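*Asks:* Predicted model and sequence follow; I will ask about them next.
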Amino acid sequence: MSNYDDTNIFAKILRNELPCHKVFEDENTFVLMDIMPRGTGHCLVLPKHPARNILDADDEMLARVYSTVRKISHASLVAFEADGLTIQQFNESAGGQIVYHLHVHVIPRFDGVKLKPHTGEMESNEVLAQNAAKLVEALGSG
């Protein structure tokens, strides 16, 4: 396993070096829309502090991240009128991890609708902005 690389895309987003569609931020976590969503409303929860993945995150960091995952999960059900959720977290390349900064996928799910394959196809900025706004509104009403 390699060390944390602070040039990864999420580290750059957290330093405001790259744009994103932000949904939520607190002292310890940051939530943004996934630019290559596998479903409507797919977003990512990140810790603000460096961690390559779950294997080098401490218990406190994981508790904060998963507290935010729960908050975003509730908001996702409301915002997208979803029937359920898929929560995913990948570790190292053999486990499917592509970006080496701990992140948790929160994907609203709908009965009878399969997840899109991870093709690398980017969603339009307009759709991402609309979905971010729906989540922000749902967070405000919760």
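*Replies:* All right, it came through fine.

*Asks:* Could I get the full set of strands for this protein?
*Replies:* If DSSP state E is used as the criterion, the strands of the chain fall at 22-25, 29-33, 43-47, 84-88, 104-109.

*Asks:* and of those strands, who's closest to A129?
*Replies:* strand 29-33 (8.3 Å; Cβ to Cβ). Heads up, the C-betas are built off the backbone N, CA and C, glycines and all.

*Asks:* Pairing partners for that closest one, with directions?
*Replies:* Applying DSSP bridges, strand 29-33 is found paired with strand 22-25 (antiparallel), strand 43-47 (antiparallel).

*Asks:* Go through the first one and flag the buried ones.
*Replies:* Of all the residues in strand 22-25, those buried under the rule 16 or more other Cβ atoms under 10 Å are V23, F24.

*Asks:* Next: the last one.
*Replies:* Within strand 43-47, the residues scored as buried using 16+ other Cβ under 10 Å are C43, L44, V45, L46, P47.

*Asks:* what does it rub up against?
*Replies:* Identification of contacts with strand 43-47 by Cβ atoms under 8 Å, 6 or more residues apart in numbering yields 10, 14, 23, 28-34, 57, 61, 64-65, 68-69, 72, 76, 101-106, 131-132, 135.

*Asks:* and M36, how many neighbours does it have?
*Replies:* For M36, the count of nearby residues is 13 (other Cβ atoms under 10 Å).

*Asks:* That one contacts L128, correct?
*Replies:* No. M36 is beyond contact range of L128, at 10.3 Å (criterion: Cβ atoms under 8 Å).
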